[in-house]
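A.B. asks: I need the structure of the sequence given here:
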Amino acid sequence: MSHSVEGHVPSGVDARSSKSESAAKPNDRKSCNERGEKVRAILKARLGEDIYSSWFNALEFESFDGRLVIATVPVKFLKSWIQSHYADDLLECCAAEFEGAERIDIVVRQPGMSKPAGQASQTAGQPNTAAAVEVPSSEQRRPLSRPGPAFLVGRTHASGFEGSPLDPRYTFDTFVVGPANRMAHAAATQVAETVLADDRAFNPLYLHSNVGLGKTHLQHAIAWEVKRQSKAQVLYLTAERFRYQFVEAIKSQDALAFKDKFRLIDILLIDDLEFMRGEKTEQEFEHIVNSLLDGGKQVVVASARPPAQLDGLNDRMRSRLQRGLVTEISSLDPALRLKILEKRAQEKRATDPSFEIPSAVVELLADKLTESGRELEGAINRLYLTWQLMHAPVTLDIAETIIRDLVQGIEPRRIKIEDILRIVSRHYAVSKQDILSQRRHRSVVRPRQIGMYLAKHLTSRSLPEIGRRFGDRDHTTVLHAIRKIDKEVGENPRLKDEIEELKRQLHR
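C.D. replies: Residues are numbered from 1 along each chain as shown. This next block holds a predicted model:
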């Protein structure tokens, strides 16, 4: 689904001249490319080399029907950024070449779409950041990390059973410990170390928490550690897989053999116990757990709820599960969220040492993403992949755009020019009236230019609108200020930190 960049439709649109209609007819790819090249040149002159190279080098023009211009970009992030920050600029520049253009749709190119003829050489020799995502050579392309099901390559095998997938990333080394999970982690490590010992302190071990807080990670870590350090027979099963295998055994009239196979297992790990549905399945699970515990074998169970709150368990089974250690993994506190984010970023840097996330971005993620560790890991993965595609530094603005859809209600507060004037005047100890005045003293000009720069990057206002809001200035004055601050931010680390601090204040 595409999003539209709407412009102000002038009066008399329906009575468009015949000249306008005829200009719209040549909708072949070559004609669209030629006009698109002119639009790109106008954008570069209007916005400056740096902004153009960062955000528009990968923009392509696909079609024009007389009113609607279709433009494409390679990734969703570019689409969102251009729509949020440069919609007015793009529409105005397009209207200069696509006569009669009233609207632009920006869509994400599908993999394999060919690059328009004549555009391949357009970026040749230019230092750019966004164009590299179009058709990078194998030498230019960073190896893309694609975490997800492709990593789920490990399985446990015991007594003829094939266990559920184990994620090789989920080890004790990658588990981040804090107050919320310290007891669960300590118990899990002890279980892994004493699985074949005569005396086990925690049997069964029962872990419970909300989704995404580390239950599965600890179960996988136990399985990997047991497999690494001993020849113990370890089987990890989700409740769904246990049920499936039991039903298959009943269908094949092999239920007794199914039950007997568990006698040879040294440690059974059952995940998502709340999904153990079906009266016969629950009875069989109870029988197997009792047999294992009576035989001195280790059992580890994980669930979203404690034993007392699981409806499918009878009182005898609840009592048996509570006999060992029942421990809850609590919600992640801010300090632990920061540690998790830093750990995941460090893991990415192990793949590519040039990947960096500013501390302000890490703090933003820790503040906004409060639900689970998976959510935090997902945010780092998105930042890393976008950084690989964009070849641009990770900033607060990029981070907000990327994580916006991870959590309901994370939509950033809409920044107003009035907010910018207030924060800038307070930060530089200059009055709002001075910023809006015609004064040319450096103590006033500098905050004014920074305010215009922030207005362009943090609001959807056009250059003329920003000029009007900053004391009825011409849009060329605004453009000069933006280019000046853009250039200095790249050369002056102190100014860059100052700008980031102002952004943090505006987002509070």
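A.B. asks: work out for me the element Arg323 sits within.
C.D. replies: Taking DSSP states H and E as the definition, Arg323 sits outside all helices and strands.
A.B. asks: and for the closest residue to it other than its chain neighbours, the neighbour number?
C.D. replies: Ranked by C-beta to C-beta, 6 or more residues apart in numbering and with sequence neighbours excluded, the top spatial neighbour of Arg323 is Pro204, at 7.3 Å. Placement of C-beta: from N, CA and C, glycine included. Pro204: 24 surrounding residues under other C-beta atoms under 10 Å.
A.B. asks: ok, now which ones touch Pro204?
C.D. replies: Under the criterion of C-beta atoms under 8 Å, 6 or more residues apart in numbering, the contact list for Pro204 reads Val289, Leu293, Gln298, Val299, Val300, Val301, Arg320, Leu321, Arg323, Gly324, Leu325.
A.B. asks: also Val107?
C.D. replies: Val107 touches Ser2, Glu62, Ile70, Ala71, Thr72, Val73, Lys79, counting by C-beta under 8 Å, 6+ apart.
A.B. asks: also Val289?
C.D. replies: Each residue near Val289 by C-beta under 8 Å, 6+ apart is listed here: Pro204, Leu268, Val299, Met317, Arg320, Leu321.
A.B. asks: if I look at it, how far off is Gln233?
C.D. replies: For Val289, the distance to Gln233 (C-beta to C-beta, to the nearest Å) stands at 16 Å.
A.B. asks: do Ser209 as well
C.D. replies: Taking C-beta to C-beta, one finds Ser209 at 27 Å from Gln233.
A.B. asks: neighbour count winner among these two?
C.D. replies: Neighbours per residue (other C-beta under 10 Å) separate Ser209 from Gln233, with Ser209 holding more: 23 against 19.
A.B. asks: so what's that one up against?
C.D. replies: For Ser209, the contact set (C-beta under 8 Å, 6+ apart) comprises Ala184, Lys215, Ala304, Glu328, Ile329, Ser330.
A.B. asks: need the per-residue pLDDT for the nearest residue to the last one once chain neighbours are set aside.
C.D. replies: If you skip the residues right next to it in sequence, Ser330 has Ala180 as its closest partner in space, 4.1 Å away by C-beta to C-beta, 6+ apart. Taken from the predicted model, the pLDDT recorded for Ala180 is 90.
A.B. asks: correct me, but Ala180 touches Pro334?
C.D. replies: No. Ala180 is beyond contact range of Pro334, at 11.0 Å (criterion: C-beta atoms under 8 Å).
A.B. asks: now the two most distant members of the contacts of Val107.
C.D. replies: Using C-beta to C-beta, the two most remote members of those are Glu62 and Lys79, lying 13.3 Å apart.
A.B. asks: show the subsequent helix or strand relative to the helix or strand bottoming out on mean pLDDT in the chain.
C.D. replies: Within the chain, no helix or strand scores below helix 18-24, which has a mean of 38 by mean pLDDT, DSSP states H and E. Note on helix 18-24: by DSSP H and E, the next helix or strand toward the C-terminus is helix 29-47.
A.B. asks: which elements pack onto that next one?
C.D. replies: Packing contacts for helix 29-47, counted by 3 or more C-beta pairs under 8 Å, 6 or more residues apart in numbering; DSSP states H and E, involve helix 49-55, strand 60-64, helix 87-97, helix 475-491.
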